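In: would you be able to build a 3D model of this:
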Amino acid sequence: MQYPAKFDTIIFDLGGVLVDWNPEYLYRKIFTDEAEMRYFLSEICTNPWNLEQDRGRPLAVATQLLVDQFPHYQNQIEAYYGRWAEMLNGAIQETVEILDELLAKPELKVYALTNWSDQTWPRALELFDFLHKFEGVLVSGVEKLIKPDPAIYELILSRYNIERSTALFIDDNKGNVEGSWAVGLPAVQFESSAQLRSFLVEKGILS
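Out: Take a look at the predicted model:
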């Protein structure tokens, strides 16, 4: 599958593209030992565990599940959502500038498709003004679907009447990019704001 000659819709992922989210920002304050922190994030509060909250599992249920398994890490586990905002290092400003340039183009519609817990999403809306600028946002935790499930791509396409063949999805996760291509939605993997800008210029989306 190839990129179209012209795009009319851009769909952004949020975490890692527009929002600088990393659990290490919090856990470097909690752990003094680097190896223990890495063990904790790779074996206890893991990405697959966090992804289930993005699918809609209640935070309290997820937290208790791990506390029961690892009671000696109770305080550290409870901090994951108790101090969740400390995992955010603000907006990725260079990408926000790209977003603003795209929003200023009347020929483009701009949406967001994010794996994000429905319980932490309201806080994100308070913290980041640009989240209110999209034509629409589809949040996995609200829909009880997560990328790269084909159903979540189909949902955003149908909900906002997006023509997939002339849309572009931007995500930093390779699996999510591959999932997008698999349903016929062109996609690009985000590596940096500079790389994204170069790609958009190359494709004639930005000048």
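In: residues in contact with the helix or strand encompassing Arg28?
Out: If you go by DSSP states H and E, Arg28 is part of helix 23-30. Contacts of helix 23-30 with the rest of the structure, by Cβ atoms under 8 Å, 6 or more residues apart in numbering, involve 37, 40-41, 45, 76, 79-80, 83-84, 86-89. All C-beta spots, glycine's among them, are computed from the backbone N, C-alpha and C.
In: which ones among those residues lie within helices?
Out: 37, 40-41, 76, 79-80 (DSSP state H).
In: circling back to that earlier point, filter the contacts of helix 23-30 to the buried ones?
Out: 37, 40-41, 45, 76, 79-80, 84, 87-88 (16 or more other Cβ atoms under 10 Å).
In: gap between the helix holding Arg28 and the chain center?
Out: Distance of helix 23-30 from the chain centroid (Cα atoms, centre = their mean, to the nearest Å) equals 19 Å.
In: show me which residues of it are buried.
Out: Quick answer for helix 23-30 (16+ other Cβ under 10 Å): 23, 26-27.
In: which stretches of the protein form helices?
Out: Under DSSP H, the chain gives helices at 23-30, 34-43, 47-54, 59-69, 74-82, 93-103, 121-127, 140-143, 150-159, 174-182, 193-202.
In: give me the contact list for the fourth one.
Out: Yep, that's helix 59-69 we're talking about. Counting by Cβ under 8 Å, 6+ apart, 44-45, 49, 52-53, 73-74, 77-78, 80-81, 117, 119-120 sit against helix 59-69.
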